[in-house]
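> Predicted model follows, preceded by the sequence.
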Amino acid sequence: MTSSSWRYADTLKDPDVEEPINLALHRPLAFQLLRPLERWRVRPTPNQITLLSGLFGFSAAFVAYAAATRGAHLLPVAGGLLLISVILDCCDGMLARLVGASSELGRILDGGMDFFVGIAVGIGMGAAAVEHVATPWTLALVVAIFPSMVAHAAVFDHLRQRFAQLTGPERQVSSDSTQSAASRGPLAWALETVYRHLYTPVARAVTGAGDRPRPAGVSPEQARAELRRPMRMAGWLGVGTHFAILYASMIAAALAPSLPLWSCTILVTVALNVWMLVTASAWRRAEARLLARAAD
């Protein structure tokens, strides 16, 4: 692309797999942050922006953890830092698509940063909640948030990959795609291990979506028509939603230190778990209709 051709539409992925919160809030803000870079002769790379996002994310985790001993007034600061991290996290992929710099390393780095920042911020916020929320169930409520977040992210990522498999063209497996994760570095190996031994089993158990090829006689367009609705439902289970709940609730802690805990409990542990089951049911029915269509 030329230096004068940046358009918001060119920064987006397939709209059916975009997270609604990103489309509504995070990506528009990120594009406003990116627009001045269009005139720069030397720009930061997408991977450098990913690292900057991680710096703000881990800073948010540190400040949230410090709030446990230094006062809940630090939680809104942590929330603000996390919001900046999330916007930068959108910037890296958007910039990569604008300048044609998408890479396997970038996807690995971005995914790993999301995972570890999410865990770190959750621990920091949890420590603050244990210190400032005086109920006998505080620790149990904090602990329950983590498996819920992992399950949601696992289901979203698995269904997104399954959606691409069923709606995309038939592709031959290249030698690059069969390259072992270990040969691509320790981060790639660690993330592949998480996906293979945690995300994939959890997602398959919840959704029943395996890796079967698209049924014979079903076109990519027909598959997309059936799967679009449950895929868009799954978009609310992504990390963008979790991060939005985390930063909004920590900013709201200026009103009451207990808000982060109760917001995450109600929205993540209860509401999104129910939504995950509803989404999984919708996906199962959609895949069943595809099989029935193929059998006709």
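Happy to help now that I have it. Residues are numbered from 1 along each chain as shown.
> Please make it C-alpha for all contacts and neighbour counts, starting now.
Will do.
> any idea where the strands of the stretch 1-150 of the chain begin and end?
Counting by DSSP state E, counting those that start in this stretch, the stretch 1-150 of the chain has no strands at all.
> Which strand or helix spans Trp262?
Assigned by DSSP states H and E, Trp262 belongs to helix 259-264.
> If we go by neighbour counts, what in the following helix or strand past that helix is buried?
Downstream of helix 259-264, the next assigned helix or strand under DSSP H and E is helix 273-295. Across helix 273-295, burial judged by 16 or more other Cα atoms under 10 Å covers 273, 275-276, 279-280, 282-284, 286-287, 290-291.
> Tell me where this structure is predicted with low confidence.
The model of the chain has pLDDT under 70 over residues 1-4, 170-185, 187-188, 191, 296.
> which helices and strands does the helix holding Trp262 pack with?
helix 104-132, helix 138-167, helix 239-252 (3 or more Cα pairs under 8 Å, 6 or more residues apart in numbering; DSSP states H and E).
> now what about the shortest one, what contacts it?
Looking back up the chat, that one is helix 239-252. Helix 239-252 is touched from outside by 19, 21-22, 75-80, 82-83, 86, 114, 118, 149, 153, 259-260, 263-264, 267-268, with contacts defined as Cα atoms under 8 Å, 6 or more residues apart in numbering.
> Send me that helix as CSV with only the CA atoms.
The C-alpha atoms that make up helix 239-252 are tabulated as CSV, following Å, rounded to 0.1, in the frame of the first residue of the first chain:
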residue,chain,number,x,y,z
VAL,A,239,-9.9,-12.1,25.1
GLY,A,240,-11.1,-8.7,24.0
THR,A,241,-14.3,-9.2,26.1
HIS,A,242,-12.3,-10.4,29.1
PHE,A,243,-9.9,-7.5,29.0
ALA,A,244,-12.7,-5.0,28.6
ILE,A,245,-14.4,-6.5,31.7
LEU,A,246,-11.0,-6.3,33.6
TYR,A,247,-10.1,-2.8,32.7
ALA,A,248,-13.6,-1.4,33.1
SER,A,249,-14.1,-3.0,36.5
MET,A,250,-10.7,-1.8,37.8
ILE,A,251,-11.4,1.7,36.6
ALA,A,252,-14.8,1.5,38.4
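> Report the inter-axis angle for it versus helix 138-167.
150 degrees (axes from the mean of the first three to the mean of the last three Cα atoms, to 10 degrees).
> Specify the angle between helix 239-252 and helix 104-132 in degrees.
30 degrees.
> again with the second one
The directions of helix 138-167 and helix 104-132 differ by 160 degrees, with the same axes, to 10 degrees as the criterion.
> from the chain's centre, how far out does helix 138-167 sit?
Between the centre of helix 138-167 and the centre of its chain there are 9 Å (Cα atoms, centre = their mean, to the nearest Å).
> And stretch 192-205, by the same measure?
The answer for stretch 192-205 is 15 Å, by Cα atoms, centre = their mean.
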